[in-house]
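> when you get a sec, could you give me coordinates for this:
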Amino acid sequence: MPQPDAMADERFPGAHVSHDAQVSAGVSIAPGTVVFAGAVIGEGSVIGACTVVGADVRIGARCTIEDCVVLGKRPRLRAGSSAAGIELDPLELAEEVTVCAGAVVYAGASVGRGSILGDQSQVREGARIGSRTVVGRASCVDFEASVGDRVSIQTGVYVTSGAIVEDDAFLGPGALMTNDDTMGRHPRGEALAAPVVRRAARVGGGAVLVPGIEIGEEAFIAAGAVVTRDVRARELVAGVPARTLRHVGDEELLERWP
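Purely as a prediction, here's the structure:
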C-alpha cells in the first residue's frame, strides 16, 4: 500500500487524510485513521478510529465504517499463484453499507447498498456482495465469489472462491464450502469447481458442501450434513452423507415469510 502524503486534513484532528482524497460534506473521521490518496468518501459517512482506507477505495454516501477496519487491502499471494499479476479494480462500497470492527475488505471487491459486514469478517478480491446482505462475524467470502441480495450469512461461514450464492439464501453458522477435490494436487491451470446455492435455499449450521454441487431453489440442508451430490429444488436432506428426508412444503416457502 502506498505511503500517505505528508499533509493531513485539518478537518479531522488526529486522523491522516491525504490531500488527494475526496471527502464529501458531513463526513466524520475519527482519530488514528489513515485515508490514502485517491480514496473517495461519500456524503454523511462515518469512519471509526484506527481504520485504513486504501488508495482509490470508493465509499458511498451514509456508510458506517467502524474501528480498526482495513479497506482496499491488496492480496499477498504465494510464489507461482495463478492470481499473481491480476489487475484489481478499486474496492467499491455502495450507499449505506456498514463495515463492522476489525473487518478486512480487499481491493477489487464490491458491496451493495445497505449490506452489513460483521466484526472480523473478510471479503476477498473480486468478491461481489449484493444489496441488504449480512455477512456474519468472522465469516469469509473468498476471492471471485458471488453473493446475491438479501443473503443471510451467519457467524463463522466460509464461502469458497468462485462460489455462487443467489438471492435470499441462508447459510447457517459454521457452514463450509470447498472447491477442490484433490486438495491442491491438480494440474496447474485446471479450473476449480465451487458449489452453487440457488435462490432462497437454506444451509444449516456446520453443513459441508463439497466441490461442484448445486443446491436447488428453496432446498433445505440440515445442520451438520455433508452434501456430496446435487440437491434438487425444495428437497430436504440430512446426514453424512446427506440423504433426502422429504420435500419443503408450501407453508415453508419464502413468499410465506416476508
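> break this structure into its domains for me.
Annotated domains of the chain cover 1-73+89-138, 140-182+192-258 [automatic domain parsing].
> so what would you say the end-to-end distance of the last one is?
For domain 140-182+192-258, the first and last residues are 27 Å from each other (C-alpha to C-alpha, to the nearest Å).
> please compute how far it lies from its chain's middle.
16 Å (C-alpha atoms, centre = their mean, to the nearest Å).
> show me what counts as buried in stretch 66-74.
66, 67, 68, 69, 70, 71, 72, 73 (16 or more other C-beta atoms under 10 Å). C-beta coordinates here come from the backbone N, C-alpha and C atoms, glycine included.
> ok, back up a step: need the domains of the chain in CSV with mean pLDDT and distance to residue 79, can you?
Listed next are the domains of the chain as CSV, based on pLDDT from 0 to 100; distance: least, C-beta to C-beta, whole Å:
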stretch, mean pLDDT, distance to residue 79
domain 1-73+89-138, 94, 18
domain 140-182+192-258, 97, 17
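> among the buried residues of stretch 66-74, which ones are in strands?
Per DSSP state E, strands hold the following members of those: 70, 71, 72, 73.
> for the third one, which non-adjacent residue is spatially closest?
Meaning residue 72. Counting by C-beta to C-beta, 6 or more residues apart in numbering, the nearest residue to residue 72 once its immediate chain neighbours are dropped is residue 54, at 2.6 Å.
> isn't the one you found right up against residue 88?
No: Residue 54 is beyond contact range of residue 88, at 10.8 Å (criterion: C-beta atoms under 8 Å).
> neighbour count winner among the two?
residue 54 (23 against 17; other C-beta atoms under 10 Å).
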